[in-house]
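*Asks:* Sequence and computational prediction follow.
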Amino acid sequence: MRPLLRAFAVCYLLAGFCSAADDAAEKKHPIDSKIDKLAENAKSTAASADAYRKGLDLWDKEMNRAYQELKKALPEKTFTTLKAAQLQWIAYRDAQVVFINSCYDQYEGTMYIPMRASAIMEVTRARALELLHRLEVHKEHAAQ
């Protein structure tokens, strides 16, 4: 009887993990889906790198859109703190890109070209998602 209970417990846990993975896939940002499609359809290293460069452009626009929405939605004092943080983030982003380039400059091989582009894109993607989350929280609170 014990092996049957253990098997049931394993199946239950696996079903939970699969459900969580399905939920995460459903919540994928449309920009991520677009980048994934571009990268999957890339027929060359250059096309793969271009997919991530396009992704960087899309995430930069999304980050700026969220920033502008926050500018309109937040009280002036709170927006002033966001503006200061954003200026510091820009300095961080620039330094991070220098660091990423320094890391990838050490490696030989074409596979590192799209990896570099992806790593650079990820810096802006993370900030865009953070600002989108702040905007979502603000909207939820304002609706109460």
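*Replies:* Right, received. Where do you want to start?
*Asks:* In this structure, where is pLDDT below threshold?
*Replies:* Where the chain drops to pLDDT under 70, the residues are 1-26.
*Asks:* so Ala128 touches Ala66, yeah?
*Replies:* Yes: at 6.3 Å, Ala128 and Ala66 qualify as touching, with contact defined as Cβ atoms under 8 Å. (Glycine included, C-beta is placed from N, CA and C.)
*Asks:* which residues touch the residue most central in space within the chain?
*Replies:* With the centre of the chain defined as its mean C-alpha position, the nearest residue by Cα atoms, centre = their mean is Arg125, 3.9 Å away. When contacts are counted by Cβ atoms under 8 Å, 6 or more residues apart in numbering, Arg125 touches Ile31, Gly55, Trp59.
*Asks:* Restricted to helices, list the residues you listed.
*Replies:* Counting by DSSP state H, the contacts of Arg125 place Ile31, Gly55, Trp59 in helices.
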